[in-house]
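*Asks:* sequence? don't have it. structure:
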């Protein structure tokens, strides 16, 4: 049974050419951060293009619970009346973050240095995910956490009454951990320093600067050193959220493997810390072009044009690139199945603790569809069969994971036989218009019993 309600099985059938314009939703990472920083500023933040998937809607509801007024206009504009740094009220109910690891970890950070308590929970998938990676550094500020064994939700955070600034080296590449520490540092006096040995997506740093925080980033022998001066008065902003590169990955990858396809995906955020998939696809021989490069709201943006690419080749993806495309490995593995030769992916142990164990989920489903896969603790290899040679025909478990479900539905568009997923309802958490958008391009995805 899906934690999102009644399961929605879907089957993707081999499609004719995909063509047209794919208007994917707003960026999920930026949407979460815009709501949280808007709630921590003084005055009204106006947001256009906000992703209205369930993950982000849960974050909006959480900001209301902490005392911020969050409203949606009829034209889709969102308005957040901030309470200021340190101004969060103690919520009178449990904060349900649904399926969102980003939402819960960032919100924990944002409230951890205020003298309030909050209890967090989520769906079955989120409640299996480890939270100690965030609660351990938050304890350095003086916050305390009590949850289920293994540091799992439901969990109560007791915010620090007298927070102190910290200096913290992130042990694994994780934008969520880095961001939680920086958000906690906002209400700690003095300077909080975060060191990351491998660069991760930097939306939090960019947005903190845009809201008026004093924050610097320096490349050193230790790695990237980010220094934040605490207790600023954040200024409200007007934010236009660019379209999500992680969502764009699905129509882009589908176009590359479905014969005759030509798809334009406009207005995609191409922050260098998020664009690793597109660089990897080009190295594989993809016909993928960036058009109309521009800057919007401090983020690089472009229109992506993806065309059918029958001569894709397997490559070894540099491990250093993993942080910039960690959410895209599932759909990359599908493209790899249609390439010639092996695609080798290393340094990806983070995939084991996402919404599902994504390596295990994709490896199992690909094997059932006739693709040879090898995998280990932090690596996997997909042995591509080449264009036109992927049997398909399997029914896959989504494991309450939106990206697993969408990846296998993309596979079904180009395989010899249809590919089904047991439950596509989690797709609504990040890409609520996936089904009609892909149908508008020419995909044949059917709800099935």
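*Replies:* Looks like it arrived, so ask away. All values reported here derive from a predicted model rather than from experimental measurement. Numbers count the residues shown, from 1 in each chain.

*Asks:* what about stretch 74-90, how long is it end to end?
*Replies:* 30 Å (C-alpha to C-alpha, to the nearest Å).

*Asks:* mind listing the helices for the stretch 101-250 of the chain?
*Replies:* For the stretch 101-250 of the chain, the helices defined by DSSP state H, counting those that start in this stretch cover 101-111, 132-141, 175-185, 203-210, 245-257.

*Asks:* quick check: buried residues in the fourth one?
*Replies:* Pointing back at helix 203-210 there. Within helix 203-210, the residues that count as buried by 16 or more other C-beta atoms under 10 Å are 203, 204, 205, 206, 207, 208, 210. In this view, the C-beta of every residue, glycine as well, is placed from N, C-alpha and C.

*Asks:* quick revisit: format the helices of the stretch 101-250 of the chain as a markdown table; extra columns: mean pLDDT and distance to residue 337.
*Replies:* Putting the helices of the stretch 101-250 of the chain into a markdown table (pLDDT from 0 to 100; distance: least, C-beta to C-beta, whole Å) gives the following:
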| stretch | mean pLDDT | distance to residue 337 |
| --- | --- | --- |
| helix 101-111 | 97 | 27 |
| helix 132-141 | 97 | 31 |
| helix 175-185 | 97 | 28 |
| helix 203-210 | 95 | 31 |
| helix 245-257 | 97 | 9 |
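
*Asks:* ok, of the buried residues of helix 203-210, which one's closest to residue 339?
*Replies:* residue 203 (30.6 Å; C-beta to C-beta).

*Asks:* pretty sure the closest one contacts residue 36?
*Replies:* No. Under the criterion of C-beta atoms under 8 Å, residue 203 makes no contact with residue 36, lying 11.2 Å away.

*Asks:* how close does residue 331 get to residue 368?
*Replies:* Separation of residue 331 from residue 368 (C-beta to C-beta, to the nearest Å): 17 Å.

*Asks:* ignore the last one, residue 447
*Replies:* Counting by C-beta to C-beta - residue 447 and residue 368 are separated by 21 Å.

*Asks:* the two: who's more crowded?
*Replies:* residue 368 (17 against 10; other C-beta atoms under 10 Å).

*Asks:* residues contacting that one?
*Replies:* 394, 395, 396 (C-beta atoms under 8 Å, 6 or more residues apart in numbering).

*Asks:* could those residues go into JSON lines alongside distance to residue 182?
*Replies:* Shown next, in JSON lines, are these (distance: C-beta to C-beta, whole Å):
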{"residue": "394", "distance to residue 182": "42"}
{"residue": "395", "distance to residue 182": "42"}
{"residue": "396", "distance to residue 182": "37"}
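
*Asks:* as a markdown table, these with distance to residue 440, secondary structure and neighbour count would be great.
*Replies:* Below are those laid out as a markdown table (distance: C-beta to C-beta, whole Å; DSSP: H, G, I helix; E, B strand; the rest coil; neighbours: other C-beta atoms under 10 Å):
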| residue | distance to residue 440 | secondary structure | neighbour count |
| --- | --- | --- | --- |
| 394 | 26 | coil | 22 |
| 395 | 25 | strand | 16 |
| 396 | 24 | strand | 23 |
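
*Asks:* got any ranges where the stretch 301-449 of the chain has weak pLDDT?
*Replies:* 449 (pLDDT under 70).

*Asks:* again, 90 this time
*Replies:* Scanning the stretch 301-449 of the chain for pLDDT under 90 picks out the ranges 323, 352-356, 429, 448-449.

*Asks:* how near is residue 151 to residue 303?
*Replies:* On the measure of C-beta to C-beta, residue 151 and residue 303 end up 42 Å apart.

*Asks:* same check, this time on residue 69
*Replies:* Taking C-beta to C-beta, one finds residue 69 at 35 Å from residue 303.

*Asks:* could you do residue 339 as well?
*Replies:* In terms of C-beta to C-beta, residue 339 sits 25 Å off from residue 303.

*Asks:* higher neighbour count, the two?
*Replies:* Between residue 339 and residue 303, residue 339 has the larger neighbour count (other C-beta under 10 Å), namely 25 against 17.

*Asks:* got a list of what that one touches?
*Replies:* 284, 285, 312, 313, 314, 384, 386.

*Asks:* the residues you listed in strands, which ones?
*Replies:* Residues of these located in strands (DSSP state E): residue 384.

*Asks:* JSON lines for the contacts of residue 339, including neighbour count?
*Replies:* JSON lines is the format used below for the contacts of residue 339 (neighbours: other C-beta atoms under 10 Å):
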{"residue": "284", "neighbour count": "24"}
{"residue": "285", "neighbour count": "17"}
{"residue": "312", "neighbour count": "24"}
{"residue": "313", "neighbour count": "17"}
{"residue": "314", "neighbour count": "21"}
{"residue": "384", "neighbour count": "23"}
{"residue": "386", "neighbour count": "16"}
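
*Asks:* helix or strand for residue 331, which one?
*Replies:* Using DSSP states H and E, the element containing residue 331 is helix 329-337.
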